[in-house]
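# Fold the stuff below for me.
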Amino acid sequence: MNKVVVAVTALLALSVAACGNDPGTRALTGGAIGAGTGAVIGSVTPIGPVGGAVVGGVGGAVIGAATTPHD
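You can find the predicted model right below:
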């Protein structure tokens, strides 16, 4: 089950990677990548997949919004 979750998360992350020319789009894709990655990491830690998804999603959205298309 964990291998399937990791594979699906990796596929989703790659499908939205490097998308976005404006800050809103980059925040959205960064949040999605962060949430997926956070859920996977959270599932093997005491925080749990939901907590990991929340932390990762917020972090990814902030970083995505703060970057420029050239970063």
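
# Number of residues surrounding residue 29?
Applying other Cβ atoms under 10 Å, we find 20 residues neighbouring residue 29. Quick note: C-beta positions are derived from backbone N, CA and C, even for glycine.

# May I ask which helix or strand encompasses it?
Following DSSP states H and E, one finds residue 29 within helix 23-43.

# Quick check: next helix or strand after that helix?
Downstream of helix 23-43, the first helix or strand assigned by DSSP H and E is helix 48-66.

# who's in contact with that following helix?
Residues outside helix 48-66 that contact it (Cβ atoms under 8 Å, 6 or more residues apart in numbering): 20, 23-24, 26-43, 45, 47.

# quick revisit: I'd like the average pLDDT over the helix holding residue 29.
The pLDDT scores in helix 23-43 average 88.

# then that helix to CSV, C-alphas only?
C-alpha atoms of helix 23-43 as CSV (Å, rounded to 0.1, in the frame of the first residue of the first chain):
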residue,chain,number,x,y,z
PRO,A,23,2.2,33.8,-8.4
GLY,A,24,-1.3,32.4,-7.9
THR,A,25,-0.7,29.4,-10.2
ARG,A,26,2.7,28.8,-8.7
ALA,A,27,1.2,28.9,-5.2
LEU,A,28,-1.5,26.4,-6.3
THR,A,29,0.9,23.9,-7.9
GLY,A,30,3.4,24.3,-5.1
GLY,A,31,0.7,23.6,-2.6
ALA,A,32,-0.4,20.5,-4.4
ILE,A,33,3.2,19.2,-4.6
GLY,A,34,3.8,20.0,-1.0
ALA,A,35,0.5,18.4,0.2
GLY,A,36,1.2,15.2,-1.7
THR,A,37,4.8,15.0,-0.4
GLY,A,38,3.7,15.9,3.1
ALA,A,39,1.1,13.2,3.1
VAL,A,40,3.6,10.6,2.1
ILE,A,41,6.2,11.8,4.7
GLY,A,42,3.5,12.2,7.3
SER,A,43,2.2,8.7,6.9
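
# For that helix, which residues meet the burial criterion?
By 16 or more other Cβ atoms under 10 Å, the buried positions in helix 23-43 come out as 26-43.
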